[in-house]
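**Student:** 3D, please:
(chains A, B, C and D)
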Number of protein chains: 2
Amino acid sequence: MARQYRSDAMASIHETMEALQEVGAIDKQTMREFDDACLTPVEPLSPEAIRALREREHLSQPVFARYLNVSKNLVSDWERGVKRPGGPALRLLTVIEKKGIQAIA
Amino acid sequence: MARQYRSDAMASIHETMEALQEVGAIDKQTMREFDDACLTPVEPLSPEAIRALREREHLSQPVFARYLNVSKNLVSDWERGVKRPGGPALRLLTVIEKKGIQAIA
DNA sequence: TGCTATATCACACTAAGTATTATATCACTG
DNA sequence: CAGTGATATAATACTTAGTGTGATATAGCA
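**Tutor:** A predicted model of the protein is given here:
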């Protein structure tokens, strides 16, 4: 329950804020700062953390790779520490970590 | 309601399948094929489509960039057709297109 | 009048991500 | 037991996505 709370709350708050902004009740500046505060920070993931994440979802490397829309070799490289997931890839992994694979399926 | 149906159904079906597999009712092979069938395909996005997507969410380039965990210049490049979003970035954009920005917030 | 945010643009750089190929292991099956 | 297929690791070479810096132009707001 605690895991779901943050994102659900954020979703409804965001909708409310958007409505207020469209109606002119709050200015763009406030909306901008709100959006900034909304962001879930991304922290680097260790190779072990990536493997643990994939195995938590009961997925093989090839299937996991297709979920992320990357090549299967890249997942292998991530898990062996040969390469590090970058900007958008790191965001995807963070989303899966927080909300599960169904969030992006 | 139609927009939510597919992913919600997929989520619960996936949970059921996982439970069946853990209990040994279905084999890994079947699970693999099921996972494959689950994937939402990613189609390339035109520069205009990316811009339309961002504006639909009422986000500036810098804020949109922070949601995706990319630099603000890259979003500008995407929207002007200078660069094309690749593997993981394309998956992120597709998720936002189908489920909204709150899906990854 | 300035201040701030937005957006376009140029440029050089790093490394993420791709494709191909090969190998070893394990599970399933005829 | 041999054979097939999926998984995972591995090496290599290549392409380009993505970064960072800095400059410019514009529009809205105090």
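
**Student:** make it CA atoms for all contacts and neighbour counts henceforth
**Tutor:** Fine.

**Student:** mind giving me the domain ranges of chain A?
**Tutor:** A:2-38, A:47-103 (automatic domain parsing).

**Student:** and the ones you listed, which one's lowest on average pLDDT?
**Tutor:** Ranked by mean pLDDT, the domains of chain A bottom out at domain A:2-38, with a mean of 51.

**Student:** The nearest residue in space to residue A:70 that is not next to it in sequence: neighbouring residues, count only.
**Tutor:** In space, and not counting its chain neighbours, residue A:70 is closest to residue B:87: 5.3 Å by C-alpha to C-alpha, 6 or more residues apart in numbering or on different chains. Residues lying near residue B:87 (other C-alpha atoms under 10 Å in any protein chain shown) number 18.

**Student:** Write out the residues of chain A neighbouring DNA strand D.
**Tutor:** Taking C-alpha under 7 Å from any atom of the strand as the contact definition, chain A meets DNA strand D at A:27, A:60-63, A:72-73, A:76, A:79-80, A:86-88.

**Student:** how about 10 Å then?
**Tutor:** A:24, A:27-29, A:51, A:54-55, A:58-65, A:71-82, A:85-90 (C-alpha under 10 Å from any atom of the strand).

**Student:** wait, residue A:47 sits on residue A:80?
**Tutor:** Yes. Judged on C-alpha atoms under 8 Å, residue A:47 makes contact with residue A:80 at a distance of 6.1 Å.

**Student:** Of these two, give the one with the bigger neighbour count.
**Tutor:** For the pair residue A:47 and residue A:80, the greater number of neighbours falls to residue A:47 (20 against 15), based on other C-alpha under 10 Å.

**Student:** Please list all residues in contact with the closest residue in space to that one that isn't next to it in sequence.
**Tutor:** Leaving aside its sequence neighbours, residue A:47 sits nearest to residue A:79 (C-alpha to C-alpha, 6+ apart; 4.3 Å). Residues counted as contacts of residue A:79 (C-alpha atoms under 8 Å, 6 or more residues apart in numbering or on different chains) are A:47, A:48, A:50, A:51.

**Student:** go again using 10 Å as the cut-off
**Tutor:** A:45, A:46, A:47, A:48, A:49, A:50, A:51, A:52, A:54, A:61, A:73, A:85 (C-alpha atoms under 10 Å, 6 or more residues apart in numbering or on different chains).

**Student:** quick check, nearest of those residues to residue B:94?
**Tutor:** Nearest to residue B:94 among those, counting by C-alpha to C-alpha, is residue A:85 at 19.0 Å.

**Student:** Report how many residues lie close to that closest one.
**Tutor:** Residue A:85: 22 neighbours (other C-alpha under 10 Å).

**Student:** for it, helix, strand, or coil?
**Tutor:** What DSSP: H, G, I helix; E, B strand; the rest coil gives for residue A:85 is coil.

**Student:** That one against residue A:93, yeah?
**Tutor:** Yes. With contact defined as C-alpha atoms under 10 Å, residue A:85 reaches residue A:93; the gap is 8.7 Å.
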